[in-house]
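Novice: got a predicted structure plus its sequence, pasted below:
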Amino acid sequence: MPTEVIMPKVDMDMASGKIMSWHVAVGEAVAKGEPLFDIETDKAAMEVEAPADGILHHTAPEGTEIPIGTPCAWLYAEGEEVAAQPLPFATVGGSSAAPAAPDSDAGAGGDEEARPCAAERPAPAAQTDAGGGKTRATPLARSLAAGAGLDIAEVPGSGPRGRVQAEDIRDAVAARSVPAAPLAAPASFIPETGSLAVTRSRGGTGTPVVLIHGFASDATSWAPLESHLKNSPLIRIDLPGHGKSPKLRIDSFADLVKEVRRAFDGLGIEAAHLVGHSLGGAVSLALADTRPRSLSSLTLIAPAGLGPDIDGDAVSGICRANRTESLAPWLRALVANEDLITDSYVRLAMAGRADPNLRAAQSALAGVLFPDGVQAFDLRAALDRIETPTRIIWGRQDRIIPWKHALRAPGRIGLHLFEGTGHMPQIECAEAVGKIMTSYV
């Protein structure tokens, strides 16, 4: 039997999602976990992965609204007979496509996909339709094209099967001398290639602890907590454009997760206790949503992704700072007790940010993830879905992301809220956080 590709629920209020573009053409093979299609809702745009290995057939047309929980395509095994479409698409705001009868010209083995007759086929979408036209494009590319007043159908795509990428739009804008301001495009930097940096501690036994730091930080930020986890193997992953990782071009939160997931999959471990802080917490939650069998537990420390609020001034201030004097006030906003951020701490932090290209790469990432000072990704539905034993740790004096976002967690998730603590519990109260973690590590 073919595998149904179900429209997923990606935010709390989502009733349906629009198929923006397919990454895989009908008749092509796809592996489980590979990008399959992009969807758009009222609040988010994201990439959906294939639920299983198979060959794609009976896809909903791009631009179609599909209610959550209903099929939008089917995956067939190699050599499996492809007959009529199993079910009609349950479209929203339009008529459903009726199941097609098998093509009378198809061979007895069913080698051709059954298709609706000409009268039943959906009319081709206009090439210039930014909401869901036939032009293959990423959600960010469509957004940038709309902001610049570009006809996306006229922009050559550099992605797979001619898919228009965000960088294609930026190049088109520059070529036509369109001012960049309306795009609110991320800062320019010299992109690099390569795998994310992974560091491992020596010693320790049992299931390893994988640590993913927050925005504008790096793997060294875990040092205060690590002394309380010394009996476990520790693995640290640097986010793109942070620490020792390459400065990759990231066009969406889904792109960011894809890079970290590739590094996580390459660790060669059967299970892990996953710990993420702030942006790293959001990435960790997304990993838990797609790699549940690989996790023994999940710890989210002041995680992003559970609401739109964030101190955008602090984010942009840290990105802009090129001297210790301009960096210090923003670093002190991260903690409740500002005495923790000494002058030597600021000098050390600034030394790690001395590379202008690193600061530019982080500014570009901030422009993608936190446009106009809000969180542009929503992981509340993922938090509802995960069954991995999970706890959230937060400081009640957090000035970067409101701690009350934690109250949106379902009852099965443990909450640990600390008074007199800001956005960095793993530094501000490392011993207490360490005790929470060693209770299950």
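Specialist: It's in. Numbers count the residues shown, from 1 in each chain.

Novice: quick check on the closest residue to Ile301 other than its chain neighbours: phi, psi?
Specialist: Once flanking residues are discounted, Ile301 sits nearest to His277: 4.3 Å by CB to CB, 6 or more residues apart in numbering. C-beta coordinates here come from the backbone N, C-alpha and C atoms, glycine included. Backbone dihedrals for His277, given as degrees, to the nearest 10, come out at phi -110, psi 130.

Novice: send me the lowest-mean-pLDDT helix or strand in the chain as PDB with only the CA atoms.
Specialist: Lowest by mean pLDDT, DSSP states H and E among the helices and strands of the chain is helix 166-175, with a mean of 72. Output in PDB follows, covering the C-alpha atoms of helix 166-175 (Å, rounded to 0.1, in the frame of the first residue of the first chain):
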ATOM      1  CA  ALA A 166      16.600  33.800  -2.100                       C
ATOM      2  CA  GLU A 167      20.000  34.600  -3.500                       C
ATOM      3  CA  ASP A 168      18.600  34.600  -7.000                       C
ATOM      4  CA  ILE A 169      16.200  37.300  -6.000                       C
ATOM      5  CA  ARG A 170      18.900  39.400  -4.300                       C
ATOM      6  CA  ASP A 171      21.000  39.100  -7.500                       C
ATOM      7  CA  ALA A 172      18.100  40.200  -9.600                       C
ATOM      8  CA  VAL A 173      17.500  43.200  -7.400                       C
ATOM      9  CA  ALA A 174      21.100  44.200  -7.600                       C
ATOM     10  CA  ALA A 175      21.100  43.700 -11.400                       C
END
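
Novice: gap between the residue nearest to Ile301 and Pro303?
Specialist: His277 sits at a distance of 8 Å from Pro303 (criterion: CB to CB, to the nearest Å).

Novice: what does Ile393 give?
Specialist: 9 Å.

Novice: Pro292 contacts Ile386, doesn't it?
Specialist: Yes. Counting by CB atoms under 8 Å, Pro292 touches Ile386, with 6.7 Å between them.

Novice: those two: who's more crowded?
Specialist: The neighbour count for Pro292 versus Ile386, taken as other CB atoms under 10 Å, is higher for Ile386 (20 against 13).

Novice: quick one, what contacts the more buried one?
Specialist: Residues in contact with Ile386 (CB atoms under 8 Å, 6 or more residues apart in numbering) are 285, 288-289, 292, 298.

Novice: closest one of these to Asp53?
Specialist: Pro292 (18.3 Å; CB to CB).

Novice: what score does the closest one have for pLDDT?
Specialist: Looking at Pro292, its pLDDT is 91.

Novice: tell me who's in contact with the nearest residue to it once chain neighbours are set aside.
Specialist: In space, and not counting its chain neighbours, Pro292 is closest to Thr388: 5.6 Å by CB to CB, 6+ apart. Thr388 makes contact with 288, 292, 295-298 under the criterion CB under 8 Å, 6+ apart.

Novice: so which helix or strand takes in Thr388?
Specialist: Counting by DSSP states H and E, no helix or strand carries Thr388.

Novice: how many neighbouring residues does Pro410 have?
Specialist: 11.

Novice: domain-wise, how is the protein divided?
Specialist: 3-76, 198-439 (the TED database).

Novice: distance from the last one to the middle of the chain?
Specialist: It refers to domain 198-439. In terms of CA atoms, centre = their mean, to the nearest Å, the centre of domain 198-439 is found 14 Å from the chain centre.

Novice: would you map the strands across the stretch 301-441 of the chain?
Specialist: In the stretch 301-441 of the chain, the segments counted as strands under DSSP state E, counting those that start in this stretch are 390-395, 414-418.

Novice: and Thr193, which of the ones you listed is closest to it?
Specialist: strand 390-395 (33.8 Å).

Novice: direction included, what does the closest one pair up with?
Specialist: strand 295-301 (parallel), strand 414-418 (parallel) (DSSP bridges).

Novice: low-confidence ranges, this structure, go.
Specialist: 10-13, 41-45, 90-134, 139, 159-161, 174-187, 441 (pLDDT under 70).

Novice: after the helix or strand harbouring Met46, next one along is what?
Specialist: Per DSSP H and E: Met46 is located in strand 45-49. Using DSSP H and E, the helix or strand that follows strand 45-49 towards the C-terminus is strand 54-57.

Novice: rewinding a little: how far away is the residue nearest to Pro292 from Val164?
Specialist: For Thr388, the distance to Val164 - CB to CB - is 36 Å.

Novice: what segments of this structure are helices?
Specialist: 139-148, 166-175, 223-226, 253-265, 279-290, 312-320, 324-332, 343-351, 356-369, 380-385, 425-428, 430-438 (DSSP state H).

Novice: out of the ones you listed, which is closest to Met46?
Specialist: Of the helices of the chain, nearest to Met46 by CB to CB is helix 253-265, at 5.2 Å.

Novice: which other residues reach that closest one?
Specialist: Contacts for helix 253-265 (CB under 8 Å, 6+ apart): 35, 46-47, 195-196, 198, 210, 212, 237, 239-240, 248, 250, 272, 282-283, 286-287, 290-291, 294, 365, 368-369, 376-377.

Novice: now a PyMOL select for only the buried ones of the residues you listed.
Specialist: With 16 or more other CB atoms under 10 Å as the criterion, this PyMOL line picks the buried residues out of the contacts of helix 253-265:
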select buried, resi 35+46+47+196+198+210+212+237+239+240+248+250+272+282+283+286+287+291+294+365+368+369+376+377
